[in-house]
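Undergrad: Sequence first, then the predicted structure:
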Number of protein chains: 2
Amino acid sequence: MSDAAVYTGRAAVRAGILVTGTEVLTGIITDRNGPWLSERLADLGVDVAMIEVVGDRPADLEAALERMAAAGVALIVTSGGLGPTADDLTAEVVGRFAGREMVLEDALEERIAEILRPLMSRWPELDEAAVRASNRKQAVIPRGATVLEPVGTAPGLVVPPAGSADDGGRPAGPTIVVLPGPPRELHAMWEMAVRTDAFRAAIAGATEYRRGILRLFGIPESEIANTLRHADAAGVGLGSLEITTCLRRGEIEVSTRYEPGDEADYERLVAFIAERHAGRLFSRDGATIDRQVAALLAGETIAVAESCTGGLLAGRLTDLAGASEYFAGGVVAYGNEAKISLVGVDPALIESFGAVSVEVAEALAAGARERFGASVGVGVTGIAGPDGGTEEKPVGLVCFSVQGPGGRSLTRSSRLPGGRADIRDRATTVALHMIASALGGERT
Amino acid sequence: MSDAAVYTGRAAVRAGILVTGTEVLTGIITDRNGPWLSERLADLGVDVAMIEVVGDRPADLEAALERMAAAGVALIVTSGGLGPTADDLTAEVVGRFAGREMVLEDALEERIAEILRPLMSRWPELDEAAVRASNRKQAVIPRGATVLEPVGTAPGLVVPPAGSADDGGRPAGPTIVVLPGPPRELHAMWEMAVRTDAFRAAIAGATEYRRGILRLFGIPESEIANTLRHADAAGVGLGSLEITTCLRRGEIEVSTRYEPGDEADYERLVAFIAERHAGRLFSRDGATIDRQVAALLAGETIAVAESCTGGLLAGRLTDLAGASEYFAGGVVAYGNEAKISLVGVDPALIESFGAVSVEVAEALAAGARERFGASVGVGVTGIAGPDGGTEEKPVGLVCFSVQGPGGRSLTRSSRLPGGRADIRDRATTVALHMIASALGGERT
């Protein structure tokens, strides 16, 4: 957080996020829904007052709803607890909390049954009666709630407080949006939820914000805090901007929320950062390096030969849909024998310079390009640790080479910090940035 | 979660975890301290009632402390807000909440100054007066608090409620453990905190628990819920067990917390699950499939040729330290040309059966084994989508082959659900399970 990241205090509507699940509370799985929902709400101009994680006990869930209501939030978004088993109780607890009777929706039961049919045929040994009972349970909802159609098998809900909406009275508490736990389902159903009348009514009065995301690579996080101080001193109007910076996979993300009328202030900030960090600001529109590399590879083909990253670079290059257009192939050449026989590295190079050397990285890049008949070749060789380091070549030393089209090539070595997983991940990111540079990706 | 995951209600001590930081609340960075602290507390027999994330506003922080105290927790652990800047306010807010006066500890101020000295000499342009003021601020602590020596520059605190400990009175609220936000510092200072008298006093009466973890593969999550219902009906004593089930990367994890005296109940549950899901229970000691495969590969070497998983299988096989002992190498053969020239797949096979076929998977496995001179070869070919599917070979169809030592081999095809990322991830997991089976990994 920087000095500039001062809360602007203009959002009139506050919300609470309630993540349920004993497996989240006990640390077995990491919650990703709370942060995701928080960002979405911020963009709608809703100020998130708290994210709370509780277990699956109805009493804890109910107590959390009461705490949030007492804190004066107008909206509560829950995730989890919509599954078919008996302890998936969110809908029932929310209904009781909102003072609404639970009713079976026949049409919804039938739609869920429709979704379950292919599952039943895939697992013929399933207990059909049990499945039907679960199905019925998921179709029992608070009277007056808006149903969000299931993306998995669980429907979501938007539950207005008793005495509002259909009853024409004054809201006696927060509107509650009930979403399932699996992120893929939650994301899709969130889009449905925000379009419902009940949701729009709950957040009426919130200011819609814009969000701009910049990405930089190759500077420490403290430098961006320093830059924001300088921007402030130089009279760039930061007062209207809510800026948050964070270090993610070795890249710095500068995320700024502002009102549409303050666009000019944001543009001045972007220009200030672009000038001060020339060559480091690689994304002005929030596009990730992965997407930039994919775009730059249009019309090209790429092949990789990697050692310490062990397949992760190939994995990341094939992450996006359509990767088969440009990804020719890869070799994970862990041992020297594989480097020589599969990628055609000259054994004399390994002998003279060692397997972890810029010379071998170059030979890996050239070999990958040639073996797969690609226009771009990438070589990565390094020491991910924890063993294998020497004084001269310590753990974290990684050598990279990109042999691009038209004779453009880049070779370098880096000493990367952290443990084995950090080094492998960071090396993959460095390689992607070098690929972008070799392909003429613009840095401002 | 299952019916059996009923809170047992025997833990006498409940705690709340309070994570502070606008950058966490707004979703810019993901909190890892909450889940980590939750696991540590569970193993001490302390029942975590909630994890709450709030921003850096003092009023929000104070309100959260009040909510937790009202919920009756005996212990609150906070993370974050101990830095040197003006908006790092946790110590002050906690002091006020606990009804304790803030006092400057001269000796602590001197110890922090000692820590800062090398920093000052490394960055000569730092404003010395500003650094000294920050230093002093960090040495102002609630009277009667136990200081946890800084691992970074910020000291932590264990703050007993007013009227307890040194005053000899009855506790009027929870004991608060105040820890810094950076995980490395938090972990080290947690170890100090649990050894303090103030902490031991706060959790007096907590039961130490045991935890058992089972892992199953190849059944849907609803089946394990069903099994637990049957176990209960069959008289296996589930009342003494707190069971949590979760689906992770296609595997089911059954995590059970119990008191040492209820070991026999747990053993009966394990036996029941093992009998009902013969061949699906692959881990009784919590070991992941990744660790099992690594252990089974002792004395062997493995090579992979993968298509749709795009390097992820190689990446997972090289994830663990020491992977170079057994991982010979891999080829990411996305196109047919690469399958033929780099792995030696017979073009006639591709012509007759198609690139996604069990025949080509077998040829990839055999080719990988031969090219890298390994004792185990693995081939994976499939359609990750979203494009490329046909009626006969839809998106999600993946063919696998493992050619193991001593002529043991396994070949199969699966139709995997979900989107591109799900299919790639799930296919990697399926391949690991097939490797374990081919190497004689026991399933009970």
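TA: Structure received.
Undergrad: Report the buried residues of the biggest helix by length in chain A.
TA: Determined from DSSP state H, the single longest helix within chain A is helix A:420-438. Within helix A:420-438, the residues scored as buried using 16 or more other C-beta atoms under 10 Å in any protein chain shown are A:420, A:422-438. No exception for glycine: its C-beta is placed from N, CA and C like everyone else's.
Undergrad: likewise stretch A:151-165?
TA: Buried residues in stretch A:151-165 (16+ other C-beta under 10 Å): A:151-162, A:164-165.
Undergrad: Closest to residue B:414 out of the residues you listed?
TA: residue A:152 (19.7 Å; C-beta to C-beta).
Undergrad: wait, that closest one sits on residue A:179?
TA: No - assessed by C-beta atoms under 8 Å, residue A:152 is found out of contact with residue A:179, at 11.1 Å.
Undergrad: quick one, domains of chain A?
TA: A:13-202, A:210-283, A:290-438 (automatic domain parsing).
Undergrad: per-residue confidence averaged over the last one?
TA: The predicted model assigns domain A:290-438 a mean pLDDT of 95.
Undergrad: swap in the longest one?
TA: This predicted structure assigns domain A:13-202 an average pLDDT of 87.
Undergrad: Same check on the shortest one?
TA: Regarding domain A:210-283, the rounded mean pLDDT is 88.
Undergrad: Now do it: distance from first to last residue.
TA: 17 Å (C-alpha to C-alpha, to the nearest Å).
Undergrad: can you give me the offset of stretch A:91-109 from its chain's centre?
TA: 32 Å (C-alpha atoms, centre = their mean, to the nearest Å).
Undergrad: what are the phi and psi angles of residue A:396?
TA: With angles defined as degrees, to the nearest 10, residue A:396 sits at phi 100, psi -10.
Undergrad: nearest spatial neighbour of it, skipping sequence neighbours?
TA: residue A:416 (4.6 Å; C-beta to C-beta, 6 or more residues apart in numbering or on different chains).
Undergrad: So that neighbour sits against residue A:426, correct?
TA: Yes - Residue A:416 is in contact with residue A:426 according to C-beta under 8 Å; the separation is 4.7 Å.
Undergrad: Which residues are in contact with each of residue A:152 and residue A:179?
TA: Shared contacts of residue A:152 and residue A:179, defined by C-beta atoms under 8 Å, 6 or more residues apart in numbering or on different chains, comprise residue A:185.
Undergrad: Let me see the ranges of the strands in the stretch 1-150 of chain A.
TA: A:13-20, A:46-54, A:75-79, A:102-104, A:140-142, A:146-148 (DSSP state E, counting those that start in this stretch).
Undergrad: right, and these - which one's nearest chain B?
TA: Distance to chain B, taken as C-beta to the nearest C-beta, is lowest for strand A:46-54 among the strands of the stretch 1-150 of chain A, at 4.1 Å.
Undergrad: Just the CA trace of the closest one, in CSV.
TA: Coordinates of the C-alpha atoms in strand A:46-54 are reproduced here as CSV (Å, rounded to 0.1, in the frame of the first residue of the first chain):
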residue,chain,number,x,y,z
VAL,A,46,-19.9,-0.7,-3.5
ASP,A,47,-17.6,-0.5,-0.5
VAL,A,48,-16.7,-3.8,1.0
ALA,A,49,-16.6,-3.5,4.8
MET,A,50,-15.4,-7.0,5.5
ILE,A,51,-14.8,-10.5,4.2
GLU,A,52,-15.7,-13.1,6.7
VAL,A,53,-15.0,-16.9,6.6
VAL,A,54,-17.1,-19.2,8.8
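Undergrad: what distance separates it from the centre of its chain?
TA: On C-alpha atoms, centre = their mean, the centre of strand A:46-54 falls 19 Å from that of its chain.
Undergrad: ditto for stretch A:395-403
TA: The chain centroid and the centroid of stretch A:395-403 are separated by 27 Å under C-alpha atoms, centre = their mean.
Undergrad: Same question for stretch A:179-195.
TA: 15 Å.
Undergrad: Would you mark the buried spots in that stretch?
TA: Applying 16+ other C-beta under 10 Å to stretch A:179-195 flags A:179-182, A:185-186, A:188-190, A:192-193 as buried.
Undergrad: Repeat that for stretch A:107-114.
TA: A:108-109, A:111-113.
Undergrad: So which residues on the stretch 301-444 of chain A come close to chain B?
TA: With the criterion set to C-beta under 8 Å from any C-beta of the partner chain, the stretch 301-444 of chain A comes near chain B through A:304, A:309-315, A:317-319, A:321-324, A:327-335, A:337-338, A:341-342, A:371-373, A:385-388, A:420-421.
Undergrad: distance of residue A:137 from residue A:82?
TA: Distance from residue A:137 to residue A:82, counting by C-beta to C-beta, to the nearest Å: 10 Å.
Undergrad: who's more crowded, those two?
TA: More crowded of residue A:137 and residue A:82, by other C-beta atoms under 10 Å in any protein chain shown: residue A:82, with 27 against 19.
Undergrad: Isn't the more buried one up against residue A:182?
TA: No - using C-beta under 8 Å as the test, residue A:82 is too far from residue A:182 to be in contact (9.6 Å).
Undergrad: what about stretch A:247-260, how long is it end to end?
TA: Termini of stretch A:247-260 sit 27 Å apart (C-alpha to C-alpha).
Undergrad: Is that stretch in proximity to chain B?
TA: Yes - applying C-beta under 8 Å from any C-beta, one finds stretch A:247-260 in contact with chain B at A:248, A:253, A:255.
Undergrad: Now list the buried members of those residues.
TA: Looks like the residues of stretch A:247-260 next to chain B have A:253, A:255 buried, using 16+ other C-beta under 10 Å.
Undergrad: Next, format the residues of stretch A:247-260 next to chain B as CSV and append distance to residue B:204 and secondary structure.
TA: Converted to CSV, the residues of stretch A:247-260 next to chain B look like this (distance: C-beta to C-beta, whole Å; DSSP: H, G, I helix; E, B strand; the rest coil):
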residue, distance to residue B:204, secondary structure
A:248, 42, strand
A:253, 45, strand
A:255, 45, strand
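Undergrad: tell me which of the residues of stretch A:247-260 next to chain B is nearest to chain B?
TA: Chain B lies nearest to residue A:255 out of those, by C-beta to the nearest C-beta, at 6.0 Å.
Undergrad: Would you confirm that the closest one contacts residue A:243?
TA: Yes - between residue A:255 and residue A:243 there is a contact under C-beta under 8 Å: 7.3 Å.
Undergrad: which SS class is residue A:211?
TA: strand (DSSP: H, G, I helix; E, B strand; the rest coil).
Undergrad: The closest residue to residue A:17 other than its chain neighbours: neighbour count?
TA: Using C-beta to C-beta, 6+ apart and skipping the chain neighbours, the partner closest in space to residue A:17 is residue A:51 (4.4 Å). Neighbours of residue A:51 under the rule other C-beta under 10 Å: 28.
Undergrad: just residue A:392 next, same as before
TA: 8.
Undergrad: That one - that's part of a strand, no?
TA: No - going by three-state DSSP, the assignment for residue A:392 is coil, not a strand.
Undergrad: give the contact list for it.
TA: Going by C-beta under 8 Å, 6+ apart, residue A:392 touches no other residue.
Undergrad: Repeat that for residue A:263.
TA: With contact set as C-beta under 8 Å, 6+ apart, residue A:263 has these partners: residue A:210.
Undergrad: element containing it?
TA: helix A:263-276 (DSSP states H and E).
Undergrad: ok, back up a step: which residues does the residue nearest to residue A:17 bridge with?
TA: Judged by DSSP bridges, the bridge partners of residue A:51 are residue A:17, residue B:53.
Undergrad: Skip the chain neighbours and tell me the closest residue to residue A:22.
TA: In space, residue A:22 is closest to residue A:55, 4.2 Å off (C-beta to C-beta, 6+ apart).
Undergrad: so is residue A:224 in a helix, a strand, or just coil?
TA: helix.
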